[in-house]
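J.: No sequence on hand, only this structure:
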């Protein structure tokens, strides 16, 4: 290899190194896109008035075989449904939440042995808050049929959930925008286009009026009726949280 060829190779290597260094400097010193954005979280709370009272029953039966446990359970459930229909409830208002049949195991000393089968059937009945005077009759119907009262809630119907959710989300988004504008203004900047949105939460949970004490069916029934009569629905808070990323300029 002669001197001329060596010179060309060295020159090429130097050129490649210079270009590489230039690219590194460009990408290193270029303003970061993340540095031109502001990340804010908007929050809002709205008042909600429950429009439903929901009574949750649990029917549990035990027998030597799975079929017997299921059949015994069905007798109680059928009686409960018939009693509720007689009170004026539509069949569609009586909803099965869960049904299960499983082996029952018990410990004897250090050994676990199967002792028959258990069938469980969870049912809920929805009333409008305007029909709350019927709760006592509903509880009695369950107890007379042989069902346990699990709990009673004030709740929002799907329609009201959607209504309050839309309102809370809108207010949370407006709160996020206000925060972004305030931060940008503090740095002498303006808010640019919206880059990203993330809905973090819609804070709605049913409001519990009564939960089973486990003291016994009759005792629970008395306590359930007392709780339902003494507590009236009032405004409750539901919340929403929205995260947003804005360009600042």
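T.: Perfect, I can see it now. Because the structure is a prediction, the values reported are computed rather than measured.

J.: what's the domain layout of the protein?
T.: 33-50+156-209+233-249, 52-155 (automatic domain parsing).

J.: Tell me how far the longest one lies from the chain's centre.
T.: Distance, stretch centre to chain centre, for domain 52-155: 24 Å (Cα atoms, centre = their mean, to the nearest Å).

J.: helices or strands next to the helix ranked longest in the chain in the packing?
T.: Longest helix in the chain by number of residues, with DSSP state H as the criterion: helix 158-186. Secondary-structure packing of helix 158-186 (3 or more Cβ pairs under 8 Å, 6 or more residues apart in numbering; DSSP states H and E): strand 37-48, strand 191-203, strand 236-248. Where C-beta positions appear, they are placed from N, C-alpha and C, glycine not excepted.

J.: where does this protein have its least confident helix or strand?
T.: In the chain, the helix or strand scored least confidently by mean pLDDT, DSSP states H and E is helix 3-29, which has a mean of 49.

J.: Just checking: what are the partner strands of the longest strand along the chain?
T.: As assigned by DSSP state E, the longest strand anywhere in the chain is strand 111-128. Sheet partners assigned to strand 111-128 using DSSP bridges are listed as strand 52-63 (antiparallel), strand 94-108 (antiparallel).

J.: mind putting those in a markdown table, distance to residue 218 included?
T.: As requested, the strands paired with strand 111-128 are exported to a markdown table (distance: least, Cβ to Cβ, whole Å):
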| stretch | distance to residue 218 |
| --- | --- |
| strand 52-63 | 15 |
| strand 94-108 | 23 |
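
J.: For residue 170, find the nearest of these.
T.: strand 52-63 (23.9 Å; Cβ to Cβ).

J.: Just want the angle from the closest one to helix 158-186.
T.: Relative orientation of strand 52-63 versus helix 158-186 (axes from the mean of the first three to the mean of the last three Cα atoms, to 10 degrees): 120 degrees.

J.: Could you list the buried residues of strand 52-63?
T.: Within strand 52-63, the residues scored as buried using 16 or more other Cβ atoms under 10 Å are 52-61, 63.

J.: Now for the nearest residue to residue 59 once chain neighbours are set aside: which residues touch it?
T.: Nearest residue to residue 59, sequence neighbours excluded (Cβ to Cβ, 6 or more residues apart in numbering): residue 121, at 4.3 Å. Taking Cβ atoms under 8 Å, 6 or more residues apart in numbering as the contact definition, residue 121 lies against 58-60, 73, 76-77, 96, 98-99.

J.: picking that back up, quick one: closest of the domains of the chain to residue 219.
T.: domain 52-155 (10.3 Å).

J.: For that closest one, measure first residue to last.
T.: 5 Å (Cα to Cα, to the nearest Å).

J.: can you check stretch 198-212 too?
T.: End-to-end distance (Cα to Cα), stretch 198-212: 38 Å.

J.: Need the pLDDT of the spatially closest residue to residue 45 that is not a sequence neighbour.
T.: Here the nearest residue to residue 45 in space, its sequence neighbours aside, is residue 239; by Cβ to Cβ, 6+ apart that works out to 4.6 Å. Note on residue 239: pLDDT of 90.
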